[in-house]
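> Take a look and give me a structure for this.
(chains A and B)
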Amino acid sequence: MPDPRIQIGAIAPPDTDIAGITAAPALPTPPVSARSGRPSDRQARSGLSATLDRIAPTRDERLFLVLSIFIGVISGTLVVAFRIAIEWIRLLTLGSAPHGGQYRLLIAPSVAGLIVAALVIWFFPAARGSGVNQTKAALYIYDGYISFRTVIGKFLTSALAIGSGHSLGPEDPSLQIGAGVASIIARNLNLSRRRLRMFAPIGAAAGLAAAFNAPISAILFVIEEVIGSWSAAVLGSLVLSAISSVVVARWFWGPEPLFRIPSITVRDPRELMAYAVLGVFGGLLAPVFSLILGYLRPRLRALPRWTLFLQPAVAGVLVGAIGFFGFPQVMGTGYDVIDQALHGQFVWQILLALVFLKMLATTLSFSSGTPGGMFAPTLFIGAMLGGAVGAFEKHFFPHLTGTVGAYSLVGMGVLFAGFLRVPLTSVFMVLEVSGNYSIVMPIILANTLAFLISRSLQPVGIFETFTQQDGLDLPSMEEQREEAVLHIEDALQPATVPLVTGSDTLQRVAQTIAETHASAFLVRLIDGSWYAMSADELTSASATLTPEAPIQRALQPDRTPLLFPDMPLDSALHYFPRWPLLPVLNRASRGTLEGMLTLDDVLRRYRGGE
Amino acid sequence: MPYAKPQQPQRPQSLLGILHLAQGFGRYAPSIFDARRQARRRRFIPNPQPRRLSQRANLRFGQPRVNQRRRHVMLGCRPLSRAKIFAVVEIQSVSDSREPTFLPLRFQRREQLVFAMKTAIAVIGRVGLAVQLMGLQNQQRNAMLLSESHSVAVMAARKRCRIRDGRQHIDSQNLMRRPRQVGRIHAPGIGHDHAAQLPQLFFQGCLFLLQIYACWIHVRRLHPHPTSQGLSLEISGLLLRCPKTGHESGKIVTMATVHAGAILTPEERLARRRLILRDAFSLISLFLITAILFILTLLLFRSFTNHREELGARWKTRGEIALHAGHPEIAIDDLRSALAYVPSRDTEIELASALADAGKTQEATVYFTTLWESAPGDGTINLQLARLAAKDGNESQALFHYQSALDGTWQGNGYDRRREVRLELARYLIARREYIPAHTQLVIAAGNAPDDPAIKLEIAGLLEQAAAPRDALGLYRSLTARADPPIAALEGAGRTAFALGMFRIAAESLRRALAAPLATQQPDNEKATVHEMLDASQRILALYPAFDLPPRSRGERVLSLKRIARERLTECAGSSPAAPPRLASLVSRWDQLQSGLTPPELEQQPELEQSITQLVWDTETLTAQVCGAPAGDDALLMRIAQNPAAVEQE
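Next comes the predicted model:
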């Protein structure tokens, strides 16, 4: 049984007091699923939805796209304000040029840790964590509900923590802020429950797009990691919100990408081997990072409750100590350090040291419960790793034309794919921040290698690890992608029923049915369509028509649906109430029958039979 | 008719022209009334096919085709009775059918949406057009329109829909008999009274709202009958007659489709109205919140940006000071901080320069390479890369970037910068002992150099280093020809002339150098060198049998040279056992020479004089090769022997 104390400060149900999920003495009542959790709330919402469907059936559709734009604009504005807040706090607490030996590097993150801990525990319990899992929890558990207080809390606590020097990133909180904005807007407009759930990812995409200044990556990340699938309607709204958000962000920050990337050209295909080596290293390092985080986080959370107030402060002291003793680069987001690495301004020894120190600092900051994200540290570690590997390779293979900066750039994507387990997003993210398409081959190769190696060494991704530690059961998009999807061909049977044409007479058809004792048969019509008729239906038709009448006169106006062997098996299920069996056709020749499908066949297949 | 024919309005421009086009629903009035009668008599088969959204509302009611196109399933409703509404243009009904067919609700709603959109577009277009066309007289006209429209709307609001005897019967006979078109919005003609603009806008706005209100009233008042075989009543709403770019007959028909597909109770309709209002309010609130948030963020951003710029400027200044003070390590940190706040090309270049000065060649190279890839024609960047490549020993790269720097763009005085680069390149080549390309560069530099003694001196000095003393001498002499030549030029001329064997020039220049006012400020070793060269030059000139000397004197000098050379030969021959074989030819020549010659005899034999002098030169040259460098007069003769003809060149 999981320790209820572990659940303290976990992804908390909105607007409820922090408590464990399992019953424990002196703990408040177990949280319910937010606004939609109580039966009375559900009934009220259902009633309201029914009324809305009646008086304004297309209202949700019309509002959906319009609100997507508003969500994008508001999220973009908030993310810009968020980044400005982080920079302001950093200037105030760490100074304009922090360097080793400054005592403020020790004091600032520790004091900020105390304040953040108090805020999170007393006022903003749902602000804890990175934000990605919290958004997923809102989507899958709380019907897309993210409270306004959570948004405010995430903004304040993350800005304070990151600005004061904790080794965390602003992207994940931006994602949650955007999702929260979307949730607030959708709730205030009394949208349907289904729409309410869809809005959280839309806001998440907007927030992340503004944070990265990369709309495609944000959309892909939300699809890849948050919702796991997409439809035309959702994709349209995701795109609208992400683009709106990026437009706003670029209005402030300008069109320049997040990092000033030097021009990179891969001249010799053999250089791909060098990038492959980087991918291998990234794939080996990512599980190590995951293990460290997975090891420390639950142990810190298992400590007595009063320690939760001190953990961020202690983590701040330790992170500050790393900076104090000569490596202030590990503090904060580290974007400028990434920029320097991309320009080859560090020797490989320093780069390697920064890799491990940043891992340590991030582990301390995140495991202590300080609100903040993992994206920026992942990019940092990847950039340093790439630079170190690149510098090392160039030392032994000077003829390599790639610069150290190119390896740093690829390294960013490598760790993104290996650690966060989002290979597609990592490729596009690197392309978007670099604006250089010539790097796509090394990126794809290295990222794929890192992803495969990391997954083979540690099947459970980091987000799933955090989810399990929080005591939740959220769907794993990675696992869903790996699930085998049954197709129609998996349940297809040969067409053993009688086949007749539309011009055949009722008498002849009846005779055929009688001879074969078939309960249903297929009628092929002259236009290539099919009709599945049961024997009872034939009998009813025969009562009103003459025996010489063609069978097609007895048919209903509708026809059997077009099914093909490659289609998902579940797509055929909803046809069976109407049809006794379903013909499966050939895509190249629609009149050609591949086989037939019955409900029994489908159910047998789902039960595991062949 | 209270409405006078309006003046020819000005054709609307641009946007309003588009709005005007958007109003084009108009059809001709007489056909409308005929069609109305026909529609009332006809009974049509319902067509459940939905109409396409893009299909315009075609109101040519005089044509059967239109009616065929406009098939609707009618749901039972209480029609407007005696409604002298704006205009009911079309009413259709359907015959009784056994199996009622209902249009899917969503199709009807779609139609409703289409008509509502068209209504909005048309009305907006009319109002927009009317706004532009101003006129005081129209203000009065529209006031009358306003009152009339309002009264009609009030009348309509009091009517009820009734169904008689359960039949689909529209009690709109009055309407059909006396179709009335009211609510016209007369586009005002061009007016010259611009002061009436605001009231005009106000009235137009009121009319616009009134039309919407009228449509809303009819929507509310229709109560669709719950039975089947319905009657869908379309109110082809507002007939707006207005001039259309001068054509009186333009009509705009805006349709407000009232439909009744969703059979709503009064409470539901009220809830729907409230919902629409609430949604509108929510969207407006959302817009305001967005605007406020944007403004706040903008203020915060500007404050932040200003602060960052201040920080960036401050760090950049510190970095530049440190760089100029020779503390590149400090400058690196400062300039990095400056870049973090205000990225700029100049700061990047300075940082890269600081890295180079600090010995961090690799980092500096990468930095400059990055900059070069974005600006390959930048002279500064190419120069820095050339220097770094030179430091790394990469000659080809250095030469490439030097040349690129010469061809590149420079800020400020490009001529001076390019000359400096050229001289730097020459120094680099000289250091690598590549004198020919260095000489080329220096010649070009000399040719492009301004009339500046310092620059010419510099070039001349480099030419000397590039083993081109003649060109250096030429440059020096161009300076010595001045009224107040720099002492360095005099010394340089003397030095180069001495090296070239042009001793007369050397002696003169060196003499002038020693006599120059600043000669006393010269270092002692330099003065000593000048003295030595001068003494040597003078001695040479004293030894040399110049052609401008009297014959007797020449002869004496020749005999003197003969004696010196002979002694040198004798000394050399006896110095080592290997000497005599190599000097055998020389000895034989000397043996053949007539001994005991006197100056008068030489005077009579100029050829002998020449042969003796040549023998002297040969002797000195060969003995120098065999017996080592000579000393004293022999050394001087050796110098003469290298280029005898140059001794007395001017």
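> Pull the number of nearby residues for A:Ala206.
A:Ala206 has 43 neighbouring residues, counting by other C-beta atoms under 10 Å in any protein chain shown. (C-beta placed from N, C-alpha, C; glycine too.)
> show me the contacts for A:Leu296.
If a contact means C-beta atoms under 8 Å, 6 or more residues apart in numbering or on different chains, then A:Leu296 has A:Thr363, A:Leu364, A:Ser367 as its contacts.
> Excluding sequence neighbours, find me the nearest residue to B:Leu490.
What sits nearest to B:Leu490 in space, not counting adjacent residues and going by C-beta to C-beta, 6 or more residues apart in numbering or on different chains, is B:Ala513, at 3.6 Å.
> Report pLDDT for that neighbour.
With respect to pLDDT, B:Ala513 scores 90.
> One more: B:Phe208?
We have a pLDDT of 59 for B:Phe208.
> now A:Leu106
pLDDT, the model's per-residue confidence, is 93 for A:Leu106.
> could you say what helices and strands the helix or strand hosting it packs with?
For A:Leu106, the host element (DSSP states H and E) is helix A:104-118. For helix A:104-118, the packing partners by 3 or more C-beta pairs under 8 Å, 6 or more residues apart in numbering or on different chains; DSSP states H and E come out as helix A:59-94, helix A:148-163, helix A:311-324.
> Apply 6 Å and report the result again.
Under the contact criterion of 3 or more C-beta pairs under 6 Å, 6 or more residues apart in numbering or on different chains; DSSP states H and E, helix A:104-118 touches helix A:148-163, helix A:311-324.
> what comes up buried for the shortest one?
Across helix A:311-324, burial judged by 16 or more other C-beta atoms under 10 Å in any protein chain shown covers A:311-320, A:322-324.
> Could you tell me the angle between that helix and helix A:148-163?
Between the axes of helix A:311-324 and helix A:148-163, defined by axes from the mean of the first three to the mean of the last three C-alpha atoms, to 10 degrees, the angle is 30 degrees.
> Report all helices and strands that the following helix or strand past helix A:311-324 contacts.
Using DSSP H and E, the next helix or strand after helix A:311-324 towards the C-terminus is helix A:335-342. In terms of contacts (3+ C-beta pairs under 6 Å, 6+ apart), helix A:335-342 is packed against helix A:375-396, helix A:404-420.
> which helices and strands sit right next to the helix or strand following helix A:335-342?
The helix or strand immediately downstream of helix A:335-342 is helix A:348-367, counting by DSSP H and E. Using 3+ C-beta pairs under 6 Å, 6+ apart, the elements in contact with helix A:348-367 are helix A:271-301, helix A:311-324, helix A:375-396.
> Redo the ones you listed as TSV? Include mean pLDDT.
Below are the helices and strands packed on helix A:348-367 laid out as TSV (pLDDT from 0 to 100):
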stretch	mean pLDDT
helix A:271-301	92
helix A:311-324	95
helix A:375-396	90
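> Out of the ones you listed, which is closest to A:Phe82?
Closest approach to A:Phe82 among the helices and strands packed on helix A:348-367 is made by helix A:375-396 (12.9 Å; C-beta to C-beta).
> I'd like to check the angle between the closest one and helix A:404-420, please.
Using the same axes, to 10 degrees, helix A:375-396 lies at 130 degrees relative to helix A:404-420.
> in the stretch 501-610 of chain A, what residue is nearest chain B?
A:Pro557 (12.5 Å; C-beta to the nearest C-beta).
> and which of the buried residues of helix A:311-324 is nearest to A:Ala446?
Closest approach to A:Ala446 among the buried residues of helix A:311-324 (C-beta to C-beta): A:Ile322, at 28.0 Å.
> Please identify the deepest-packed of the helices and strands packed on helix A:348-367.
The highest mean neighbour count among those, using mean count of other C-beta atoms under 10 Å in any protein chain shown, belongs to helix A:375-396: a mean of 26.
> Now do it: distance to the chain's middle.
Counting by C-alpha atoms, centre = their mean, to the nearest Å, helix A:375-396 is centred 26 Å from the centre of its parent chain.
> for the host helix or strand of B:Lys456, which positions count as buried?
Secondary structure here is read from DSSP H and E; on that basis B:Lys456 sits in helix B:453-465. Using 16+ other C-beta under 10 Å as the burial criterion, the residues of helix B:453-465 that qualify are B:Pro453, B:Ile455, B:Lys456, B:Leu457, B:Glu458, B:Ile459, B:Ala460, B:Gly461, B:Leu462, B:Leu463, B:Glu464, B:Gln465.
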